[in-house]
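A.B. asks: Provide a 3D model corresponding to the input given below.
(4 chains)
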Amino acid sequence: MTEERTDTHWIQIGGLLPELGEVSGFVRRDHCGAVNLFEGVTRNHDSGRGVESLYYDSYDEMALAECRKIIGDAARRFGLGAAAILHTTGEVPVGRTSMIVAVSSPHRKESCEAVLHIIAAIKRDVPVWKKEFFSDATTAWKEERGRK
Amino acid sequence: MTEERTDTHWIQIGGLLPELGEVSGFVRRDHCGAVNLFEGVTRNHDSGRGVESLYYDSYDEMALAECRKIIGDAARRFGLGAAAILHTTGEVPVGRTSMIVAVSSPHRKESCEAVLHIIAAIKRDVPVWKKEFFSDATTAWKEERGRK
Amino acid sequence: MQPVSTNESGSLQNPETEIISLKLRWFSVLAEKRGRREEFHKAEKGITVEKLMDELEKEFDAFTLYRPHIRTGVNNAYAGPDMVLSDGDEIAFITPVSGG
Amino acid sequence: MQPVSTNESGSLQNPETEIISLKLRWFSVLAEKRGRREEFHKAEKGITVEKLMDELEKEFDAFTLYRPHIRTGVNNAYAGPDMVLSDGDEIAFITPVSGG
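C.D. replies: Numbering: from 1, shown residues only, chains lettered A, B, ... in the order given. All right, here's what the predicted structure looks like:
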């Protein structure tokens, strides 16, 4: 588990995820009228196959560094007040949260756009990997199933 | 205060807002990989003027009915698992939440788009009104300051 | 909320015209200007939303000021100006909303 | 992590070539196939990321299979194939990521 908190970002890779209220409290700023929080949740299917659970591996130090870049870029681009990326690792069963992304911004549109932008960047660049445990008792790392 | 909870929506107009975790727990569904929660927060400025606090009035019964329509429409359009609109009324000081909008959907993009769509519909149709208490001790209902 | 007259509806000129009772609801700036949040209003049977607003303009100055921006709700749903009102209907005058 | 040879760098053919030690990190499917998450790897001074990958292909079959999709991280940042590696560098082989 690795974590970094500054005035404007909170990044955590691994470990237990905090309560949403704590994340919201961290990102909100008096000049920001919008807080947007996204949770990535293990869902019970993927590409038509039943899923029981996911397991996440990560390169903690580089994941932290990449998240720092992603937040810095998004903060400038969308005028964010603050942002958080919190990603757990290990097993995450169906219905449980693997990742929280949260931002604040003066206006609502930027908050939602920033969240989508940050998630896309995470899925492209942050070294975290997902292994799927299927209902038929087989398993596969995502990259074994071809490029996304 | 008026509230309505079904299998697929939770609407509350007036009253205290619940914890974010409770809202997230309500909307999440096993087939949904994305939960998006938006908080509208009183910010310390509007159109260049300092703001101390907001006061919200509402037509509770009709606000509930309009929120029901908005959620039904968004659920069909974006394929949502469930959705919530929770709007407090009365005084909301700077930094405090006036509204929570939350949805779940199978994929992330729809969850964020649905939240923006729902907020836009709320701001257009839901009979809730905002009075601004400015730092210079003056007050004004939003509609006294011209159309948005 | 009972009609005060029980005879069949007559023309607008007919003093025997049936009277209905409407519940008006005021919010936000209009509630402040009106000094109340609800009131009962008697009108002739067959009155439309638009005609009701014409009547209100005669006795409520602020209403005139905001009227171009007012949408009306009848029994908790938006209704157009041509809607004919019935006894017991609840009419809300909705200035531009600003929730969120 | 000390070089095993201290003489000045020579050509690739020179048996006296300076040797550097690199830390390799494996994750996800590659860690499973490799059977470990990190290891030290000796290489000639001046080696590039691409040349290191060429060397690994010779002894790690699964690496060949995934190589077209691998990005490399050097000391916690993405690095291109032409990057020259230094003694003590930490190199990660990053198959397509799937966080979120």
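A.B. asks: Find me the pLDDT at whichever residue of chain C sits closest to chain B, would you?
C.D. replies: Relative to chain B, the nearest point of chain C is C:Gly99 (3.0 Å; Cβ to the nearest Cβ). (C-beta placed from N, C-alpha, C; glycine too.) For C:Gly99, the pLDDT comes out at 96.
A.B. asks: Same question for A:Glu144.
C.D. replies: A:Glu144 is assigned 88 on the pLDDT scale.
A.B. asks: And the closest residue to the residue of chain C closest to chain B other than its chain neighbours, its phi and psi?
C.D. replies: Once flanking residues are discounted, C:Gly99 sits nearest to B:Val128: 3.0 Å by Cβ to Cβ, 6 or more residues apart in numbering or on different chains. Dihedral angles of B:Val128 (phi, psi; degrees, to the nearest 10) stand at phi -130, psi 140.
A.B. asks: If B:Val128 is in a bridge, with which residues?
C.D. replies: B:Ser58 (DSSP bridges).
A.B. asks: That one - how many residues pack around it?
C.D. replies: 29 (other Cβ atoms under 10 Å in any protein chain shown).
A.B. asks: For it, give me its contacts.
C.D. replies: By Cβ atoms under 8 Å, 6 or more residues apart in numbering or on different chains, the residues touching B:Val128 are B:13, B:56-59, B:63, B:87, B:89, B:122, C:97-100.
A.B. asks: how much space between it and chain A?
C.D. replies: Separation of B:Val128 from chain A (Cβ to the nearest Cβ, to the nearest Å) stands at 15 Å.
A.B. asks: and what of C:His69?
C.D. replies: In terms of Cβ to the nearest Cβ, C:His69 sits 23 Å off from chain A.
A.B. asks: unless I'm mixing things up, that residue is touching B:Trp141, no?
C.D. replies: No: contact status for C:His69 versus B:Trp141: not in contact, 11.9 Å apart, counting by Cβ atoms under 8 Å.
A.B. asks: Quick check: neighbours shared by the two?
C.D. replies: Contacts common to C:His69 and B:Trp141, judged by Cβ under 8 Å, 6+ apart, are C:Thr95.
A.B. asks: If you count surrounding residues, which of those two has more?
C.D. replies: B:Trp141 (22 against 12).
A.B. asks: Just checking, which helix or strand succeeds the lowest-mean-pLDDT helix or strand in chain C along the chain?
C.D. replies: Least confident helix or strand of chain C, by mean pLDDT, DSSP states H and E, is helix C:61-66 with a mean of 94. On the C-terminal side of helix C:61-66, the nearest following helix or strand under DSSP states H and E is strand C:71-74.
A.B. asks: hang on, the earlier thing: from A:Gly48, how far out is the residue of chain C closest to chain B?
C.D. replies: 41 Å (Cβ to Cβ, to the nearest Å).
A.B. asks: who's more crowded, the two?
C.D. replies: Shown here are C:Gly99 and A:Gly48; by other Cβ under 10 Å, C:Gly99 has more neighbours (27 against 5).
A.B. asks: which residues does A:Ser105 form a beta bridge with?
C.D. replies: A:Ala34.
A.B. asks: Show the model's pLDDT score for it.
C.D. replies: 98.
A.B. asks: Only alpha carbons, please: show the longest helix seen in chain C as PDB.
C.D. replies: Ranked by residue count under DSSP state H, the longest helix found in chain C is helix C:49-59. Output in PDB follows, covering the C-alpha atoms of helix C:49-59 (Å, rounded to 0.1, in the frame of the first residue of the first chain):
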ATOM      1  CA  VAL C  49     -54.900  28.700 -16.700                       C
ATOM      2  CA  GLU C  50     -54.300  31.700 -18.800                       C
ATOM      3  CA  LYS C  51     -57.600  33.400 -17.800                       C
ATOM      4  CA  LEU C  52     -56.700  32.700 -14.100                       C
ATOM      5  CA  MET C  53     -53.400  34.500 -14.600                       C
ATOM      6  CA  ASP C  54     -55.200  37.400 -16.200                       C
ATOM      7  CA  GLU C  55     -57.300  37.700 -13.100                       C
ATOM      8  CA  LEU C  56     -54.400  37.500 -10.800                       C
ATOM      9  CA  GLU C  57     -52.600  40.300 -12.700                       C
ATOM     10  CA  LYS C  58     -55.400  42.700 -11.700                       C
ATOM     11  CA  GLU C  59     -54.700  42.300  -8.000                       C
END
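A.B. asks: Low-confidence regions, chain C specifically.
C.D. replies: Low-confidence segments of chain C (pLDDT under 70): C:1-15.
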